[in-house]
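S.K.: based on what follows, work out the 3D shape:
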Amino acid sequence: MDVYRLLPGDNCGGCGTKTCMGFATDLLERRKEVEDCSLMLEPEHADDLKKLVEYLTPPVRPVTIGERRHAFQIGGEEVMYRHEHRWYNPTAMIIDVDDRMSEDELLKRIEWISSYSRIKIGEELSFDSIAVRSKSGEPDTFSNVVKLVSENTEYPLVLCSYYPEVLESGLKTLGGGSPLLYAATIDNWQEVTGLAMKYGCPVTISSSDLDEMVEISSRALAQGVKDDQIVLDPGTNPLDLKGTRARIVELRRAAIEGEFEPLRFPILGVPATAWVAEKDEDKAAFLEGAIGCMLMNTFVDAMIFHSTEIWSLMPALVLRQDIYQDPRNPASVDSKLMEVGNPDENSPILITGNFALTYYTVEGDCEGIDCYIFPVDTDGTSVTSSVAGDLMTAEKIVDAIEEHNFEEKVAHKTLVLPGDAAVLSGQIEVDSGWNVLVGPKDSASIKDFLAENWPPKE
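M.R.: Residues are numbered from 1 along each chain as shown. As a prediction, this is how the structure comes out:
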């Protein structure tokens, strides 16, 4: 209602939503932008527009890193805990290179980072950015490596050095691209934040002393750095993870619960510090992966890793996918007839639920089989739960047969029902006139089941 009162109230539909009340809901759910209402851009609504933008701007300011196709946003969160509403912008996963690596090593590492991709329950798991660290401390060396990296990846970059002249050499080489600068400290903040303003890019403020961080942030804002340019790094100490976590929690509480302006920014963690504490490579990679998962569960918006061992990185990639799902809307797929392989009129039709994990598990277990799969709309719940809760019903399946034209797809009239839905088989047969085969409870047995039972016997 607070948002609605600031809107014109004309219900003109120009924004694509029929009513201003609906548009207010879309704004709060981030399905629409204020600019989608053309009336709000007119001079007589200027005061309400300003109030509306302030009201809708999240407590944790959103910061965009990069430009064009691979740009990503961090921050922008409204709640401390995911179950209160949802978290919006997934934690950015950044892998580092440094300017002491050989060209061959750099190219192989860049290619691996840029091309890595895995599909899990229908979503792509990949990385977001490459951090270029200055080990040499030499502007020319750093500049040459930044050039090499930028020419071989479309990913945004993080430029890492405590020396302003080194950072500027990288910025000049890029000539744009909105990289993230790392990092402004109590010793160099004026020069580094000056670079952020000069080149229009975001900057990280780094200090494990939060009072010092407030001081740097306040000075940066007073100097003219915008509130969509600042990222905070409270330090990741692999030998004091309790202290690390406490600082992160304090920062997020200050932003969301306290709305304390100098700290209302995204948080950067550096699991790569594990390699300073642990010299054994396998142990360092393991520790880094564990720290990454801990940080992701503790409000961190971006992380820099060193390892390229996928067994170390995959837990954080999967965790990110899980915790950034909207808890109010379980991951689900569309309820429509899906094709696996090259099905024809003699292929089986398998019934399952539309919970994404269920569907993609069934689809994966059907690899090598030409078939159709129909995920019943079960509000994103599993087969067992949906049958028990009357979300997968005989009526829904019977309606789907007609609505999705099953008879136009196949020459037979037989459905394969998951074992846990066997109780529905009789009613489906009576109401639809189709035959029902009760399949296995575990989709891993589908191939063996179909080998023995398909085509169905007369």
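
S.K.: which residue is nearest the centroid of the chain?
M.R.: When the chain is reduced to its mean C-alpha position, the closest residue under Cα atoms, centre = their mean turns out to be residue 90, at 3.4 Å.

S.K.: that one contacts residue 322, doesn't it?
M.R.: No: using Cβ atoms under 8 Å as the test, residue 90 is too far from residue 322 to be in contact (10.5 Å). For glycine as for every other residue, the C-beta is placed from the backbone atoms N, C-alpha and C.

S.K.: list residues touching both of those two?
M.R.: Here residue 90 and residue 322 have no joint contacts, going by Cβ atoms under 8 Å, 6 or more residues apart in numbering.

S.K.: quick one: the strands in the stretch 201-350 of the chain?
M.R.: 203-206, 230-233, 268-269, 302-305, 338-340, 349-353 (DSSP state E, counting those that start in this stretch).

S.K.: tell me which element the residue nearest to the centre of the chain falls in.
M.R.: When elements are assigned from DSSP states H and E, residue 90 belongs to no helix and no strand.

S.K.: tell me the pLDDT of the closest residue to it other than its chain neighbours.
M.R.: Spatial nearest neighbour of residue 90, chain neighbours left out: residue 324 (4.4 Å); criterion: Cβ to Cβ, 6 or more residues apart in numbering. Residue 324 is assigned a pLDDT of 90 by the prediction.

S.K.: ditto for residue 149
M.R.: 98.

S.K.: what's the spacing between residue 290 and residue 59?
M.R.: Per Cβ to Cβ, to the nearest Å, residue 290 is found 29 Å from residue 59.

S.K.: then residue 389?
M.R.: Distance from residue 389 to residue 59, by Cβ to Cβ: 36 Å.

S.K.: if we go by neighbour counts, what in the lowest-mean-pLDDT helix or strand in the chain is buried?
M.R.: Using mean pLDDT, DSSP states H and E, the weakest-scoring helix or strand in the chain turns out to be helix 46-56, at a mean of 82. Neighbour-count burial for helix 46-56 flags 49, 52 (criterion: 16 or more other Cβ atoms under 10 Å).

S.K.: show me how far the helix or strand that comes right after it is from its chain's centre.
M.R.: Note on helix 46-56: by DSSP H and E, the next helix or strand toward the C-terminus is strand 63-65. Remark: strand 63-65 is offset 14 Å from the chain centroid, using Cα atoms, centre = their mean, to the nearest Å.

S.K.: relative to strand 63-65, what are the paired strands and their orientations?
M.R.: Here strand 63-65 has these sheet partners by DSSP bridges: strand 72-74 (antiparallel).

S.K.: can you point out the buried residues in stretch 405-415?
M.R.: Buried-residue list, stretch 405-415, by 16+ other Cβ under 10 Å: 406, 410, 412-413, 415.

S.K.: can you redo those residues as TSV with pLDDT and secondary structure?
M.R.: Formatted as TSV, the buried residues of stretch 405-415 follow (pLDDT from 0 to 100; DSSP: H, G, I helix; E, B strand; the rest coil):
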residue	pLDDT	secondary structure
406	95	helix
410	95	coil
412	94	coil
413	94	coil
415	96	strand
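
S.K.: closest to residue 379 out of those residues?
M.R.: residue 415 (21.0 Å; Cβ to Cβ).

S.K.: any idea how far that closest one lies from residue 121?
M.R.: For residue 415, the distance to residue 121 - Cβ to Cβ - is 24 Å.
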